[in-house]
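S.K.: Sequence first, predicted coordinates after that:
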Amino acid sequence: MATAVPVDLERENYLNAGYGIKSWLLTRDHKRIALLYLLTITFFFFIGGFFALLIRLELLTPAGDLVQSDTYNKLFTMHGMVMIFFFLIPGVPAVLGNFLIPIMIGAKDLAFPRLNLLSWYLFVAGGLLMFYTILAGGVDTGWTFYTPLSTEFAKTNVITAALGVFVAGFASILTGLNFIVTIHRMRAPGMTWNRLPLFVWSHYATSIIQVLGTPVVAITIVLVALERLFHLGVFNPALGGDPLLFQHLFWFYSHPAVYIMILPGMGIVSEIVCCFSRKRIFGYKAMALAVLGIAVIGFLVWAHHMFVAGISLYAALVFSLLSYFVAVPSAIKVFNWTATMYKGSITYQTPMLYAFAFIGLFTIGGLTGLFLACLGIDVHVTDTYFVVAHFHYVMVGGMVVAYLAGMHFWWPKISGRMYPEAWGKLAALIVFIGFNLTFFPQFLLGYMGMPRRYHAYPPEFQILNVLSTAGATVLAVGYLLPMVYFLWSMRYGPPAPPNPWNAAGLEWMIPSPPPTSNFEEQPVVTWEAYNYDELGEIPQKQEVPVAH
Amino acid sequence: MPTSPVAAVSGHENDHAHDNPALLHHFATESQQKNAASLGMWLFLAQEVMFFGGMFCAYLIYRYKYFADFGSASQQLDIKLGAINTVVLICSSLTVVLGVRAAQLGKRMALVFWLLATIVLGFVFLGIKADEYAEKFEKHHVPGASFSYHELLPSQEKLPPEDRQYANPHHAEMYFSLYFAMTGMHAVHMIIGVVLFAYLAWMAWRGRYGPHYYTPVENAGLYWHFVDIVWIYLFPLLYLIDRHR
Amino acid sequence: MTDQPVPTAATAQDNSPHEHISSVGSSVAIWLALLAFTGLTVGAAFVELGPLNTVAALVIATCKAILVVLFFMHVKYTHEKLTGLVIVSAIFFLFILLSLSMADYATRLWR
C-alpha cells in the first residue's frame, strides 16, 4: 500500500482555503464551482451509463425478452435525456471552462461569480427534477419529446422531465452569458483576442450558442407543458396544430446543442495537440474563425433532423445544402490539427492518445453526418442504427474522449497531483477499443436496416448486436479506470509541479493547485499564444520533491 | 521569457479604486464592473428575444395557415383596452428614463418617485390585462376543456344570414392558446419587473444609488424597455388583424 | 470586437467616457413620437390595405422599437460597439428561426 505523499500544507490554495460544507456550497470561487459541477455531472454520467448498459443487455438477444417495449422506451429516453442535458451539454464548459477560462485570460474570477454559483444550483435543481422523474417511473417519449405523443398520449412523467430540462437549460444560458462577458471584459493587459488560447475561443463560440439557442427550447418546453396540462392543441393535428412546428422549434436548439457539446472538446484538442507536438497551432486565425463559423452555420441546419417527417421538398433541399456547409469549418480544424503535428516533436502521453482518438473518431462521425445530410441516403438510413452510430461517434468518440483528454491534461493543475501515466495509457487504449467495438457494428446494422429505438430485431442482426454489447462492457471498464486512479492520485499521487507538461498558457505559470485568487499580481502578457519555440521539451519526470 | 513568473504590475495602485464599496474585488476598476454588468444585461435581453421569438414563430406560422380564423378571434379582443395598455407601457418607459436620469444627477427623491411611478403604471397594465382575461374567461374563450367559440369570420355579417361562414373553433382556440401564452409570458415578465423596481425603489430611498453607482437602475431599465418592446409587437399582431372589415 | 484588454489601475484614471444623461426634453419628444406611432397603427388597422395591413403594422412597430432601443436604452449614445453587435445577432438569429421555418410552411403545397 503506497504511503500518502504529503503536500506542502503551508501553501494556501483553492482546495484548502476554507473547510466545511458551507465554504463549498456558498463559494464564489470559479475553481470550486467547477469541482461542484464535476461531482454532479459524474453522478449523471453514471446514471446515463446505467441506462445504456440495460439497453445493451436487452439487445443481446433478438427477442424483446429482458424488458417490455414500454420499459425499453423509458430506457433509451432516460439514457438520452440524462446524457445530453445533464452530462454532455454542461460537461466541459461547466467543469474545465469554469476552472480554466479566468486563469487562461489572466483574471481573478469570472465576471459574475455569484451568477456562476446560481448556475450550479439551477443545474442541481434541474437534475433533482430529472432524478425524481426517474424514480417516479421515467419518461418514454424519447429525449426528443415529439408531439403529440408527449403532449397528448404519453402516460409517463413528461412534465417533470420537461421541467428538469427547462431549469437546467437556464443554468446553461447563465454559464454562457458569464463566459462571454468574462472573455470580453476581464482579459489581462496584453491578452489580446489574437493571443487567446483556442480553448477560450471555443468556449466563446459555445457560449454564443448557449445564450441564443437554449431559450427557444425553453419556450418550446413551456408550450409542451401547457398543452399537456390544458389540452391546448398547438401541436395536435386533431385540433389544427402541426407536430412539425414542435420539431422545428425543438431542433432549432437541439441541433446547435450538438455544437455546444463538441466545440469545447475541439478547444481541448487544440491545446493538447500543440503541447505534445511542441509546436504552435497551424493556422491560428483559421481555427478561431472556424469555431465561430461552426457556431453560426450550426444554427442554419436544424431541419436535417426532419427530412422524412413531412417538411416540404424545397425546405429539405435548402437544409441539406446548408448541412454540407457546416462540415467545412470542422474539416478545416481537422486539417489544421494534422498540419500542427507535421514535423512536430510528438510524444504519446495519455492526453495526446485521447487527442489522436478524437481526431480519428470525430472525422468518422462527421463524415457519416454528411452521408445523413444527403437526402437520398437519409431516406434509407434515417431512424436506423446508422444515425445512432453517427451521433455516438461524434458525441462519445469525439466529446467524451476530448473530455477525458482534458481531464488528464489539466488534472495536475486542478488537483495538484499527477495521475499514474501507465494506467492512463491503458485506460485510453481500453476506451478506444471498447468504443469502436460498441459503435462500429451499429453503422453496419443501420445500413442493413435495423431500426433505432426498437427492443426486438430480426435474428440475422444478432451477431453485430452481441459485438456491440461486448464493446459496451469494455468501454465501461475504460471509463471506470480513470475514476479509480484519479481518486487514488488525490491521496497517493506524486505532487504536481506548476508545469508538468512544459506547456504554454497562463494556467501553467501558477502553482498546482492554484491559489484562490489565481494570480498574486495581475499578469501582463507580452507573448503570442502557443510559444512552444521558446519552451523546449517536456520534462521526463513530472514530480516535485516531497516537502517535509 | 514566459517560463519565469509573469511580468507583473504592483498591486498597490488598485487599492484606491477599491475604496468604492460598490466595487467587487475581482474587478480592477469601476468602469470595468459597469461595462461587464451592462454587457451581461444586453446578453440576457438577447436571450429573451429568442425566448419570446419561439412563440412569435408559432404565432407567425398559424396566422399564415389560418388567417381568416385568426382575424375573427382577434376581433374578440377589446382594441381600446389594448391601445390603452400600449400607452400605459410607453409612459412607463418614459418614467424609467427619467428615473435613470435622476440617478445620474444624484436626485434621490426624484429617482424614488419615478421608480414608484413605473410600478404604478405596471400595476395599471396588469390590472387591465386581468380585466381582459376575466372577460375572455366569461365568454368561454380560454383554451381548454371549457372552450367554446361560435363567431363569424370577418365581414361575414355583410352577407345574408344563410351564407354566413363561421370561424373554425379549433383554429380560434389556437389563436387564444397563443394569445394567452404570449401575453401571459409577457405579464410574468412584467410582474418580475415590478418586483425588481420595488426593490430598487427601496434601495434608492436608502440612498444606495447616485452618480457614482446607478448600474442596477440602468440595467433594470433596459429590462423594462425590452418588455415594452415585446408589447409593442404583441399589440398590433394580436389586436389589429383585419380590423378594417 | 475591438475592446482593449483592461488597463490596470496604475495606467488608467478611470478614463471611461462620460455617460450620456438624457435631457427631459428629448425624452418627452421620443415619448410623444411613440404615442403618435401608436395612434397611427390603430388608425391604419381600420383602413383596407390588403396584405399591406400586416406590413404597415410591423413597420410601425419596428419604428417604435428602434426609437426605444436607440434613445430610451441609450444605444445611440453609447461608445460600445459590442452592444450593437449583440442586438444585431439576436435579431439575426430570430430572423433565421422565422424565415427558415416559414420556408417549410410556405412551400408545402408546391409540387
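M.R.: Good, I have the coordinates.
S.K.: For the stretch 151-300 of chain A, which residues are neighbours of chain C?
M.R.: Residues of the stretch 151-300 of chain A lying close to chain C by Cβ under 8 Å from any Cβ of the partner chain are A:184-193, A:208, A:212, A:216, A:244-245, A:248, A:252, A:299-300. C-beta coordinates here come from the backbone N, C-alpha and C atoms, glycine included.
S.K.: Which other helices and strands does the helix or strand containing A:A428 contact?
M.R.: A:A428 is part of helix A:421-448, with elements assigned from DSSP states H and E. The contact analysis (3 or more Cβ pairs under 8 Å, 6 or more residues apart in numbering or on different chains; DSSP states H and E) places helix A:421-448 against helix A:350-373, helix A:385-392, helix A:401-415, helix A:462-492.
S.K.: quick one, helices of chain C?
M.R.: Assigned by DSSP state H, the helices in chain C fall at C:24-45, C:52-67, C:81-106.
S.K.: possible to save those as a markdown table with mean neighbour count and distance to chain A?
M.R.: Putting these into a markdown table (neighbours: other Cβ atoms under 10 Å in any protein chain shown; distance: least, Cβ to the nearest Cβ, whole Å) gives the following:
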| stretch | mean neighbour count | distance to chain A |
| --- | --- | --- |
| helix C:24-45 | 16 | 25 |
| helix C:52-67 | 18 | 19 |
| helix C:81-106 | 17 | 4 |
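S.K.: Mind putting those helices into a markdown table with mean pLDDT?
M.R.: Listed next are those as a markdown table, based on pLDDT from 0 to 100:
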| stretch | mean pLDDT |
| --- | --- |
| helix C:24-45 | 95 |
| helix C:52-67 | 94 |
| helix C:81-106 | 95 |
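S.K.: Need the ones you listed in JSON lines (columns: distance to A:G493).
M.R.: Below are the helices of chain C laid out as JSON lines (distance: least, Cβ to Cβ, whole Å):
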{"stretch": "helix C:24-45", "distance to A:G493": "64"}
{"stretch": "helix C:52-67", "distance to A:G493": "58"}
{"stretch": "helix C:81-106", "distance to A:G493": "43"}
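S.K.: and of the ones you listed, who's closest to A:P197?
M.R.: Among these, the nearest to A:P197 by Cβ to Cβ is helix C:81-106 (21.1 Å).
S.K.: which helices and strands sit right next to that closest one?
M.R.: For helix C:81-106, the elements it packs on are helix A:198-230, helix A:243-277, helix A:313-341, helix B:30-65, judged by 3+ Cβ pairs under 8 Å, 6+ apart.
S.K.: For the third one, list every residue counted as buried.
M.R.: By that I understand helix A:313-341. A:315-316, A:318-320, A:322-323, A:326-327, A:329-330, A:332-334, A:336-337, A:340-341 (16 or more other Cβ atoms under 10 Å in any protein chain shown).
S.K.: swap in the last one?
M.R.: Within helix B:30-65, the residues that qualify as buried by neighbour count (16+ other Cβ under 10 Å) are B:30-63, B:65.
S.K.: Kindly report the same for the first one.
M.R.: When burial is assessed from 16+ other Cβ under 10 Å, helix A:198-230 yields the following buried residues: A:198-228.
S.K.: Number of residues surrounding B:A145?
M.R.: Close neighbours of B:A145, defined as other Cβ atoms under 10 Å in any protein chain shown, add up to 7.
S.K.: Nearest residue to it in space, please, no chain neighbours.
M.R.: A:H231 (6.8 Å; Cβ to Cβ, 6 or more residues apart in numbering or on different chains).
S.K.: What of A:A125?
M.R.: Nearest residue to A:A125 in three dimensions, chain neighbours excluded: A:V167, at 5.1 Å (Cβ to Cβ, 6+ apart).
S.K.: List the contacts of the one you found.
M.R.: A:122, A:125-126, A:129 (Cβ atoms under 8 Å, 6 or more residues apart in numbering or on different chains).
S.K.: Against C:S27, how distant is A:A309?
M.R.: Here A:A309 is placed at a distance of 50 Å from C:S27 (Cβ to Cβ, to the nearest Å).
S.K.: per-domain residue ranges of chain C.
M.R.: Following automatic domain parsing, chain C resolves into domains at C:23-76, C:78-111.
S.K.: Off-centre distance for stretch B:90-108?
M.R.: On the basis of Cα atoms, centre = their mean, to the nearest Å, stretch B:90-108 sits 18 Å off its chain's mean C-alpha point.
S.K.: Can you report phi and psi for B:G210?
M.R.: With angles defined as degrees, to the nearest 10, B:G210 sits at phi -170, psi -170.
S.K.: Look up the pLDDT of residue 10 for me, please.
M.R.: As the question left the chain open, I've gone with chain A. In this model, A:E10 is scored at 58, pLDDT.
S.K.: Switch to chain C, please.
M.R.: pLDDT at C:A10 comes out at 39.
S.K.: tell me the secondary structure for the closest residue to A:L26 other than its chain neighbours?
M.R.: Nearest in space to A:L26, with sequence neighbours left out and distances taken as Cβ to Cβ, 6+ apart, is A:L117 at 7.5 Å. Under DSSP: H, G, I helix; E, B strand; the rest coil, the three-state class of A:L117 is helix.
S.K.: residues in contact with A:L117?
M.R.: If you count contacts by Cβ under 8 Å, 6+ apart, then A:L117 has A:26-28, A:33 around it.
S.K.: repeat that for 10 Å
M.R.: A:L117 sits next to A:25-30, A:32-33, A:36 when contact means Cβ atoms under 10 Å, 6 or more residues apart in numbering or on different chains.
S.K.: Let me see the contact set for the spatially most central residue of chain C.
M.R.: Nearest to the centroid of the C-alpha atoms of chain C, with distances taken as Cα atoms, centre = their mean, sits C:I66, at 3.8 Å. By Cβ under 10 Å, 6+ apart, C:I66 lies in contact with B:229, C:75-76.
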